[in-house]
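K.L.:
what follows is a predicted protein model with its sequence.
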Amino acid sequence: MDKEFNVLGKRRFSFIMTLLIMIFFYLPIAMLIALSFNSARQGVIWTGFTLKWYSVLFRDDEIWRAFLNTVIIALTSSTVATAIGVLSAIGIYWHNFRLKRYFQALIYTPLIVPDILMGVSMLMFFVSLRIQLGLFTIFIAHVTFSISYVILIVIARLEDFDYSIIEAAQDLGASWYQIFFKIIIPMIKPAIIASFLLSITLSIDDFVITFFVAGPGSTTLPLQIYSMIKFGVSPEINALSTLLIGATFIISIFGLRFRKLIFS
Amino acid sequence: MAEISIELRNVTKIFDGDFVAVNNVNLSIEKGEFFSLLGPSGCGKTTILRMISGLEEPTKGEVILNGRVINDLPPNKREVNTVFQNYALFPHLTVFENIAFSLRIKRKSEAEIKKKVMDMIDLMRLNGHENKKPSQLSGGQKQRVAIARALVNEPSVLLLDEPLAALDAKLRQHMLIELDNIHDEVGITFIYVTHDQSEALSISDHLAVMNEGKIIQVGTPVQVYESPANLFVANFIGETNFIQGIVEKVEGNYILLKTEKLGEIWCYRDFEVKIGEKINVSIRPEKLKITIEKPSEEVLKNSFVNVFKGIVSERIYLGTHSNYIVSIDQGYQMKVYRQHIRYLLDENIIDWNDEVYVWWFADDSYLIKD
């Protein structure tokens, strides 16, 4: 009896802990979503369901511009970062050169360096080269930090394959061009998709680095939210955040298939 | 003289400027033969294979295929195909598409691809697996796909790099016979790299024994086993008892060797020797007789028989035969095999610690130059 009770007790304990953690994780998000449908202009008292904050949001030109900027940056920077990252990963993994190990370490540093340092250093870089801050500089910055992630994911995939597969293709008459498109690309396709999706979410999400390298007229959604929040939390922000959460959620669902690759 | 398929002329391969993997190798392999490169790992046999396939470039010398120097030809332009040690199948393609790969590269018509691939699938008994991915196949099936993929291209030489190393012993035997049948069927030159002497002996028309980048001996399996060129070959291929001695007396075709390990023994004179010359003799354990009772008078009448007494210090029972280590009176530990033909019937069972006679005729040994 005693033992049985003990097991039940343990089970109840872990259940409660899990519940508490879930509440801790998701209650703020749930509240934010709920408040975006609350008709009250201020406070957390529920006064009725409404969609008016969404309609306000959709009529806000500034937000539309920020949304468009975010989409443009996300798509272009992830495409370019994926292309560069895939080629670099293949080169780094299969090509032996001097200082290879140091080079590899160098590539992973953006993952470790604090965002604020990345942001400041890039700002100084652009300013010293007299490059006009704007969408282009944001694009460059996003490509820069995304590349590291892409290389990480693609190399993890390449590690599953032996170089003899490439030699076999060569032996069977394939040129380098054919090997690249018929063997390497299809073999690492899951990693390419996974790193592309990850780059998109990183780009949509990024605030700190973007904050430093953005210029007039190149506001992205996170920056827009930040500037709006300076004047107090408005239900519009809640609505916008809800939409952002929804979008990232959908991309994550897509990415779930490739989750193993992202985390391996 | 038969036509030559592959020839290597003074081929040397040096890696990283100082590691000599292949050292001035000369080799010619006839069209349609099953040729093995045999040697311990790191002896350069795989490097030779890779130089023939073009995946490695010789530092010096010439690789000649069907009378043409192919040194400068990239691997995708050579009429040779390779079966890789770990199969190297394309993981994202089905069995059918793996086999069809080289035909698609050559832009053959769909009908031709289908016919040729299906012929290969029949030959390799892979029917029913066409649409499977490599990860769904067993080791033996992967092996057959790898062979099919290399053969479908109709190469003039097929290179096999330790193709059976990853299979278990039973399957290995089975695939070996299958390889032999495939070779008979397609009739092209096979070059087979292995470190397993029994594989090489059982399947090859000719084989080359290699060590430290050099070819030590080329010959038929019988030549290499029965008349090894030096100590390394004798030791690497099969088990043997080595005894070093000095030639004391020459009597017709026989010599009397004075040895430290066994005293005086009679040996067959396999080549010219001088009195006083230092020489080795190799005596294969399966050629030795081991008996409890003294050899018969008839045996002892032969003046070129060597008889020694000893005690069994080790016995390993292996079913078909037993391996013995007999401690000869002089202290020498001798390896002896004994077939179990009538075991448990009227065969005298010889066991550990038994006093035995070990004897052999002078013709049973083989002389090896020091």
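P.N.:
Cool, got the structure. Numbers count the residues shown, from 1 in each chain, chains lettered A, B, ... in the order given.
K.L.:
only C-alpha atoms from now on, for both contacts and neighbour counts.
P.N.:
Noted.
K.L.:
let me see the contact set for B:Val358.
P.N.:
B:Val358 makes contact with B:Leu288, B:Lys289, B:Ile290, B:Thr291, B:Val307, B:Phe308, B:Lys309, B:Gly310, according to Cα atoms under 8 Å, 6 or more residues apart in numbering or on different chains.
K.L.:
please name the bridge partners of it.
P.N.:
Per DSSP bridges, the residues bridged to B:Val358 are B:Ile290, B:Phe308.
K.L.:
how near is it to chain A?
P.N.:
51 Å (Cα to the nearest Cα, to the nearest Å).
K.L.:
next one: B:Val312
P.N.:
50 Å.
K.L.:
assign that residue to helix, strand or coil.
P.N.:
Of the three states, B:Val312 takes strand under DSSP: H, G, I helix; E, B strand; the rest coil.
K.L.:
quick check: which element contains the closest residue to it other than its chain neighbours?
P.N.:
Distances taken as Cα to Cα, 6 or more residues apart in numbering or on different chains place B:Val326 nearest to B:Val312, at 4.4 Å, with adjacent residues excluded. Element membership for B:Val326 (DSSP states H and E) is strand B:321-328.
K.L.:
and the closest residue to chain B within chain A, how many neighbours does it have?
P.N.:
Per Cα to the nearest Cα, A:Gly173 is where chain A lies closest to chain B, at 3.7 Å. Counted with other Cα atoms under 10 Å in any protein chain shown, residues neighbouring A:Gly173 total 26.
K.L.:
so who does it touch?
P.N.:
Contacts of A:Gly173 by Cα under 8 Å, 6+ apart are B:Pro75, B:Asn76, B:Lys77, B:Arg78, B:Ser102, B:Ile105, B:Lys106.
K.L.:
same check on B:Gly187?
P.N.:
Contact analysis of B:Gly187 by Cα under 8 Å, 6+ apart lists B:Gly32, B:Glu33.
K.L.:
where's it relative to B:Val157, distance?
P.N.:
Going from B:Gly187 to B:Val157 by Cα to Cα, to the nearest Å gives 10 Å.
K.L.:
got the domain boundaries for chain B?
P.N.:
Using automatic domain parsing, the domain parsing of chain B gives B:4-236, B:241-368.
K.L.:
same list, the ones you listed, but as JSON lines with mean pLDDT please.
P.N.:
Compiled in JSON lines, the domains of chain B are given as follows (pLDDT from 0 to 100):
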{"stretch": "domain B:4-236", "mean pLDDT": "93"}
{"stretch": "domain B:241-368", "mean pLDDT": "92"}
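K.L.:
from the ones you listed, which stretch is densest packed?
P.N.:
Scoring these by mean neighbour count under mean count of other Cα atoms under 10 Å in any protein chain shown gives domain B:4-236 as the most buried, with a mean of 19.
K.L.:
quick revisit: in helices only, show me the contacts of A:Gly173.
P.N.:
The helices, defined by DSSP state H, take in B:Ser102, B:Ile105 from these.
K.L.:
out of the contacts of A:Gly173, flag the one nearest to A:Arg41.
P.N.:
The nearest member of the contacts of A:Gly173 to A:Arg41, counting by Cα to Cα, is B:Ile105 at 66.9 Å.
K.L.:
check contacts around the residue nearest to B:Val312.
P.N.:
Applying Cα under 8 Å, 6+ apart, the residues near B:Val326 are B:Gly310, B:Ile311, B:Val312, B:Ser313, B:Glu314, B:Gln333, B:Met334, B:Lys335, B:Val336.
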